[in-house]
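>>> just a sequence and a predicted model for now, questions to come.
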Amino acid sequence: MRILIVEDAADVAEAIASRLRKSGMACDLAESCETAEDFLAVQRYDALVLDINLPDRNGTELLQDLRARGDRSPVLMLTALFSVDDRVSALDLGADDYLIKPFDHRELEARLRALVRREAEQKSDVVTLGPLQFSPAGLSATLDGVALNLTRREATLLGLLLRSQKTPLSKKRLYDGLFAFDDADVGLNAIELYIARLRKKLSASSVTIETQRGVGYRIFDQGQTDHG
């Protein structure tokens with residue numbers, strides 16, 4: 001899951017990013033609307049955490065621009081001062097949720113997951129595929145009731161595949177969901193390594209990850225007849 005955090009207070013932004021990275025989210029930090037626009041021009045995000053009071057423009061203006069050009073990425077607004085009028089205005093402009101500072105980082109993480117879940121094919125807290133069950137919140141999975149030993153990135157990759165079971169995901173899309181701009185030293189071919197590791201851990205089950213040449217990867221349960 002790839003998140004853009006637009007927040008000019010470096011300590012707040014880093015604290016948010018640190019918490020979200022531990023839960024498997026790749027985070028990019030922008031300290032202004034201008035930097036955020038640069039990121040948005042080249043990268044698609046699963047969600048945005050957007051502060052209202054930014055040094056160059058108001059965060060609601062960035063939100064308005066996003067919606068005007070048809071970008072429906074989930075947006076969670078942050079602000080220290082948030083009157084009822086502000087909340088109504090932000091929601092009317094297309095914000096999906098908001099939090100008032102100071103906030104509990106566990107709540108921010110839970111709200112982000114809820115926003116992303118709205119966009120997913122499976123909307124429950126636990127995603128199930130045949131004998132495989134995956135918990136996005138815990139970054140954990142079981143296979144036939146037995147816990148799978150997954151690294152954080154393996155679990156994140158599994159979550160991306162499970163959220164898009166009907167649609168193959170390209171290597172680039174998976175890479176974007178796993179790595180932030182700060183991970184530029186990691187090459188695109190790292191995805192093949194993580195896919196190979198996941199396949200090995202799923203190999204004793206009916207769940208498999210297929211490669212569709214020139215298209216990408218898709219996870220399915222061989223026990224289900226309709227997986228074409």
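Looks like it arrived, so ask away.
>>> list the buried residues for the lowest-mean-pLDDT helix or strand in the chain?
In the chain, the helix or strand scored least confidently by mean pLDDT, DSSP states H and E is helix 84-93, which has a mean of 79. Using 16 or more other CB atoms under 10 Å as the burial criterion, the residues of helix 84-93 that qualify are 86, 90, 93. Placement of C-beta: from N, CA and C, glycine included.
>>> mind exporting it as PDB, just the C-alpha atoms?
Provided in PDB are the C-alpha atoms of helix 84-93 (Å, rounded to 0.1, in the frame of the first residue of the first chain):
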ATOM      1  CA  VAL A  84     -17.700  22.200  12.200                       C
ATOM      2  CA  ASP A  85     -17.700  24.500   9.100                       C
ATOM      3  CA  ASP A  86     -14.200  23.300   8.200                       C
ATOM      4  CA  ARG A  87     -15.200  19.700   8.500                       C
ATOM      5  CA  VAL A  88     -18.300  20.200   6.300                       C
ATOM      6  CA  SER A  89     -16.300  22.200   3.800                       C
ATOM      7  CA  ALA A  90     -13.500  19.500   3.500                       C
ATOM      8  CA  LEU A  91     -16.100  16.700   3.200                       C
ATOM      9  CA  ASP A  92     -18.000  18.700   0.600                       C
ATOM     10  CA  LEU A  93     -14.800  19.200  -1.400                       C
END
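>>> please state the offset of that helix from the chain centre?
Offset of helix 84-93 from its chain centre (CA atoms, centre = their mean, to the nearest Å): 25 Å.
>>> packing partners for it?
helix 59-68, strand 97-100 (3 or more CB pairs under 8 Å, 6 or more residues apart in numbering; DSSP states H and E).
>>> nearest to Gly216, out of these?
helix 59-68 (26.3 Å; CB to CB).
>>> next, the angle from that closest one to helix 84-93.
20 degrees (axes from the mean of the first three to the mean of the last three CA atoms, to 10 degrees).
>>> what number of residues lie near Arg218?
Counted with other CB atoms under 10 Å, residues neighbouring Arg218 total 18.
>>> would it count as being in a strand?
Yes. Under DSSP: H, G, I helix; E, B strand; the rest coil, Arg218 sits within a strand.
>>> out of the helices and strands packed on helix 84-93, the one nearest Ala17 is which?
That would be, of these and by CB to CB, strand 97-100, which comes in at 15.4 Å.
>>> show me what counts as buried in the closest one.
Neighbour-count burial for strand 97-100 [16+ other CB under 10 Å]: 97-99.
>>> out of these, who's nearest Arg118?
Closest to Arg118, out of all of the buried residues of strand 97-100 and judged by CB to CB, is Asp97, at 10.2 Å.
>>> surely the closest one meets Met77?
Yes. Between Asp97 and Met77 there is a contact under CB atoms under 8 Å: 7.3 Å.
>>> which residues do these two both contact?
Jointly contacting Asp97 and Met77 under the rule CB atoms under 8 Å, 6 or more residues apart in numbering is no residue at all.
>>> burial count for Met77?
25.
>>> any chance of the helices and strands packed on helix 84-93 in CSV, with mean pLDDT and distance to Val127 too?
As requested, the helices and strands packed on helix 84-93 are exported to CSV (pLDDT from 0 to 100; distance: least, CB to CB, whole Å):
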stretch, mean pLDDT, distance to Val127
helix 59-68, 92, 28
strand 97-100, 90, 21
